[in-house]
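Student: sequence and predicted structure below; questions after.
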There are 2 protein chains.
Amino acid sequence: MTKPKQISRSGKKDGPRYHHGDLRAALVAEARQVVETAGPEGLSLRGVAKAAGVSQAAPYHHFKDKQDLLAAVAVDGFRAFGQEMARHAARAETDKDDPMTGFQGLGVGYVTFALKNPALFALMHGPTFQGDGEHPAVTQARQASAAPLIAAVGACLPNATEHEKMAACAAAWSLVHGMATLCQDGRLSWMLDLEDLDAAARSITRQLDITRAIGSPATAAKRP
Amino acid sequence: MTKPKQISRSGKKDGPRYHHGDLRAALVAEARQVVETAGPEGLSLRGVAKAAGVSQAAPYHHFKDKQDLLAAVAVDGFRAFGQEMARHAARAETDKDDPMTGFQGLGVGYVTFALKNPALFALMHGPTFQGDGEHPAVTQARQASAAPLIAAVGACLPNATEHEKMAACAAAWSLVHGMATLCQDGRLSWMLDLEDLDAAARSITRQLDITRAIGSPATAAKRP
DNA sequence: ATCAAATCCTGACACTGTTAAGATAACGTC
DNA sequence: GACGTTATCTTAACAGTGTCAGGATTTGAT
């Protein structure tokens, strides 16, 4: 399906070649597909290797671990997620001048992505990559994907302290992330009409009053 | 440690007995401990069986699956979680008369529980029990544990429609759950001072303006 | 005392992640 | 062109996992 096998120079026949050509990309693509259908738990290295038409030990020449492969999938996910967020942010900005609208648009994008790619979202924020700087690429991709949200919240509070912006951002992120997580597991379905996802997300994000972050004594992360 | 082996009638000696006495409880306790230290992924049925001094196939007389055992652990977790939430709710109520204080107290309890039992919390809300009525005990325990939060939110909006209460509850739950999830993964640590957890949680929950749920056109889940 | 049910054990199967050792292709250098 | 180096892939194997079948042992009721 998505196997670009035409890189090898000795590409005379279409028969099985010893070298795959671009195994790494094929493995990541296959793994992502498996994760999206069967979840991170249902992924087996041997399975993706066989699906890529390759032996069981071949992946170990491109990934140190099973976790390393999953990390690559997660990085891919964060990249797609960041693009989606930026797209929603840009669309909301051109619509109106109220910065709060931009934040709401981001909330919609956040939840939409989580619902469209549930297992991928679970992998990205799941307990697979927790303890460590073992996969700095993942943490870097994660932080990069958060940039649009931070910018949108900052735009709502132009005259606030940095600490106050942080507090507002924490609340906004918490609200949106919680909504996405709960929606994904279907735990808000009996409270909201998730068929109209846009309206549901706006109903929730409208209840956030970021301006209350100003003047809070707890907004200071560290006292000098 | 927690093995009540004194139930068997033929308890003359303390040597290894053929019947354990209360294997099920011992397995759940052992599994919970493993989950709290090594995470749900690091749990093996054979391991807990060996730790309980019992053969590898013995657990299958008390649990249909590995997931079944994990479900029992999750039910235990939801029970403890619900008690903790009720405790925080009661303490907040006696303090002051402002119902919003009660909600904030619940938020603190929510996050505190998640941080004190990270792996258990991850198991409870993780992707292990998603698709299904396969474990109705889990969903029931989960819904029961949510009662204090629903009550607290409802107390803040005494004159609201049922639909409006639902919308407010969805937002409140999203905020608190997202805060717990993000805190647990350490992703808010660079925005807030998590050492003073109480203050951080209040700083976030204060930014929720539940009253904006009133009159929203999206609050109606289903039109008759 | 007898018999069924509950509980537990041994043994096995298929599957997993992972490593070691050898085979094959591609690439730069003469 | 021939040569050696390196990256890539394969086969074979090890330890560990979840799960089941069949047999042993205990409990409890009759």
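Tutor: Yep, that arrived.
Student: so what's A:Cys92 up against?
Tutor: If you look again at residue A:92, you'll see it is Ala, not Cys. Residues in contact with A:Ala92 (CB atoms under 8 Å, 6 or more residues apart in numbering or on different chains) are A:101-102, A:104-106. (Each C-beta comes from the backbone N, C-alpha and C, glycine too.)
Student: one more: A:Met85?
Tutor: Residues in contact with A:Met85, defined by CB under 8 Å, 6+ apart, are A:106, A:109-110, A:113, A:145, A:148-149.
Student: tell me how far it lies from A:Arg79.
Tutor: Noted for A:Met85: a distance of 11 Å to A:Arg79, by CB to CB, to the nearest Å.
Student: what touches both of these two?
Tutor: With CB under 8 Å, 6+ apart, A:Met85 and A:Arg79 have common neighbours A:Ser145.
Student: sorry, back to before: what is the nearest of the contacts of A:Met85 to DNA strand D?
Tutor: A:Ser145 (28.1 Å; CB to the nearest atom of the strand).
Student: just want the phi and psi numbers for that closest one.
Tutor: phi -70, psi -20 (degrees, to the nearest 10).
Student: so it sits against A:Asp76, correct?
Tutor: No - using CB atoms under 8 Å, A:Ser145 is not in contact with A:Asp76, being 11.5 Å away.
Student: which of the two has more neighbours?
Tutor: Ranked by neighbour count (other CB atoms under 10 Å in any protein chain shown), A:Ser145 and A:Asp76 place A:Ser145 first, with 21 against 17.
Student: what's the burial count for A:Gln104?
Tutor: Residues contacting A:Gln104 under the criterion other CB under 10 Å number 23.
Student: check contacts around it.
Tutor: A:92, A:201-202, A:205-206.
Student: that one belongs to a helix, doesn't it?
Tutor: Yes - under DSSP: H, G, I helix; E, B strand; the rest coil, A:Gln104 falls within a helix.
Student: pLDDT wise, what is it at?
Tutor: With respect to pLDDT, A:Gln104 scores 88.
Student: from the chain's centre, how far out does stretch A:164-171 sit?
Tutor: Centroid displacement of stretch A:164-171 relative to its chain, using CA atoms, centre = their mean, to the nearest Å, is 20 Å.
Student: check stretch A:141-150 too.
Tutor: Centroid separation between stretch A:141-150 and its chain, computed with CA atoms, centre = their mean, is 9 Å.
Student: do the same with stretch A:140-156
Tutor: Remark: stretch A:140-156 is offset 12 Å from the chain centroid, using CA atoms, centre = their mean.
Student: what do you get for stretch A:144-158?
Tutor: 16 Å.
Student: what's the average pLDDT for stretch A:184-195?
Tutor: Per-residue pLDDT values over stretch A:184-195 give a mean of 84.
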